[in-house]
Structures are given as C-alpha cells and as structure tokens.
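Visitor: here is a sequence with its predicted model. Questions after.
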Amino acid sequence: CLRSSGGNQAGGRNRVLTLLVLLSSRVASLTQTFTMGFIGSMRYLFVFLILLLTACGNSYRDKTVPMSTVNNFDAARYIGLWYEIARFPVSFQQGCTATTAEYASLGSNTISVLNTCREGAPDGQAKQVAGSAEVVGPGQLKVSFDRVPFVRGDYWILWVDDDYMTAVVGVPSGGAGWILARTPEISQTRRAEAEAILRANGYDTLQLINVLQPPV
C-alpha cells in the first residue's frame, strides 16, 4: 500500500468536506422540494374537497324558500347505479360527461358512494371518487370522501318517484343540485316533474345543464 503524504491527506480531507457540503445542500434541496410538493398536493386536495362539498359558494336557489326532503326515504331502494341527467354547474364537475353515482349498502343507515365521470366525452378518461353517506334524517344524508376524513357535506333527496327510477337531489346552500335516473335518458314528462320539484325548493332551473350520456 502507498502512504499518502501530509499534503495529500489534507487535500483528501478537503475533497471529502466539499463532497459532504454538496451532499448536504442536495439533501436540503430535495427535502424542500418534497415538502413543498407535499404541501402543494395537500393544498390542492383540500381546495378540491372544499369545492366538492360547498360547490364553490355559488347558490342556484332562493335560500329563503324552505327545502323539503322525502319523509319516507328508503335507503335500501336507493342503492344501485344512477345516471346524472342534469346538474347545476359546479367547478369540480367541469368537463364531466357520462357521470354516474353508484351506491351500496354498508349497513346501519350507511351506504358507500362511487362517483364516476368521463372527461370531455362519454369515451373519455374515467375519473372516480369514493366515499360513504350516512342517513341523518328523513331523506337527508351526510356524505364524506375517503381521502378527506372528518369533512362531510349535505346530500338531500328532494324527490324520488314511486319506483325509485328518478330522483332529485339538492343541498340547503343551493350550491349544487342534480336530476338522477336509473337510465341514461328520461322522458320529457319525467324531466318536467323533476324540474318542478327543484323550482318548488327555490332553485332556478334555467341554470341547469344537461349531462351527455352514452347512447342507449
């Protein structure tokens, strides 16, 4: 083995120190990047869910009008697949088509929720969000999503027909509202009935937008 001279040893120490400084700087940079990315992601998720639950603070209804829900709502009959026929514009559904909501029983007045939409067109990329809903009153549910625990939003059943084939859903704030059906299309008569329910609960149905569904 070769022995290093004192000068070489000092030079080696200096190189090691330089490498350590560079490594520490890189680690600090990566840590900061990760932290900022994590914070940014959490901020985005938080904002997304606030938009989801409050519908951006917009209101499509006269909140001085009392909102009534289905007194004899049967959650067991509500489970299954529903197609979104029409909705009030909300930013978290911007660009969504072929939107569906699927519910399944979790027991004890709780149902699972799986919302699906296609971006831009019925054959576009699918987006999904999962959660659960608890029946807290006649026709009144509280919905939460898996990624954000402890935050729940209102989901009120304003009307459902006798066969549980068509439903109207709203929120007390008026920030969102939907017409749902078991089929991708409904008759003009059934659509008129659903819109009448929305108007009776203070909604401005002129602001409804139709949801494109795949051909039957």
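Guide: The structure has been received and is ready for your questions.
Visitor: okay, and for this structure, where does confidence drop off?
Guide: By pLDDT under 70, the weakly predicted segments of the chain are 1-57, 147-150.
Visitor: just the helices from it, written as ranges.
Guide: Ranges of helices in the chain, per DSSP state H, are 6-54, 75-78, 188-200.
Visitor: in the second one, which residues are buried?
Guide: In this case it means helix 75-78. For helix 75-78, burial by neighbour count (16 or more other Cβ atoms under 10 Å) applies to 75, 78. For the C-beta atoms, the positions are set from N, CA and C on the backbone; glycine is no exception.
Visitor: what residues sit buried inside stretch 109-121?
Guide: Buried residues in stretch 109-121, counted by 16+ other Cβ under 10 Å: 111, 113, 115-118.
Visitor: how about stretch 88-102?
Guide: 88, 90, 92-93, 96-102.
Visitor: can you check stretch 119-132 too?
Guide: Residues of stretch 119-132 classed as buried: 129, 131-132 (neighbour count, 16+ other Cβ under 10 Å).
Visitor: closest one of those to R191?
Guide: Relative to R191, the closest of the buried residues of stretch 119-132 is V129; by Cβ to Cβ it sits at 26.3 Å.
Visitor: ok, the closest one touching N115?
Guide: Yes - contact criterion Cβ atoms under 8 Å: V129 and N115 qualify, at 5.0 Å.
Visitor: mind checking how far the closest residue to I209 other than its chain neighbours is from R77?
Guide: Of all residues beyond its chain neighbours, the one nearest I209 is P89 (5.8 Å), with distances taken as Cβ to Cβ, 6 or more residues apart in numbering. When distance is defined by Cβ to Cβ, to the nearest Å, P89 is 29 Å away from R77.
Visitor: for F73, which non-adjacent residue is closest in space?
Guide: Using Cβ to Cβ, 6+ apart and skipping the chain neighbours, the partner closest in space to F73 is G139 (4.0 Å).
Visitor: just N71 next, same as before
Guide: Among residues not flanking N71 along the chain, P138 sits closest, at 4.7 Å (Cβ to Cβ, 6+ apart).
Visitor: give me the number of residues near the one you found?
Guide: For P138, the neighbour count with other Cβ atoms under 10 Å is 13.
Visitor: quick check: phi and psi on it?
Guide: The phi/psi pair for P138 (degrees, to the nearest 10) reads phi -60, psi 110.
Visitor: surely C117 meets T99?
Guide: Yes - using Cβ under 8 Å, C117 is in contact with T99, at 4.2 Å.
Visitor: distance check, the residue nearest to S112 when sequence neighbours are not counted against I79.
Guide: The shortest distance from S112 to any non-neighbouring residue, by Cβ to Cβ, 6+ apart, is to A104 (4.6 Å). Going from A104 to I79 by Cβ to Cβ gives 6 Å.
Visitor: who's more crowded, those two?
Guide: Taking other Cβ under 10 Å, A104 and I79 do not tie; I79 has more neighbours (16 against 12).
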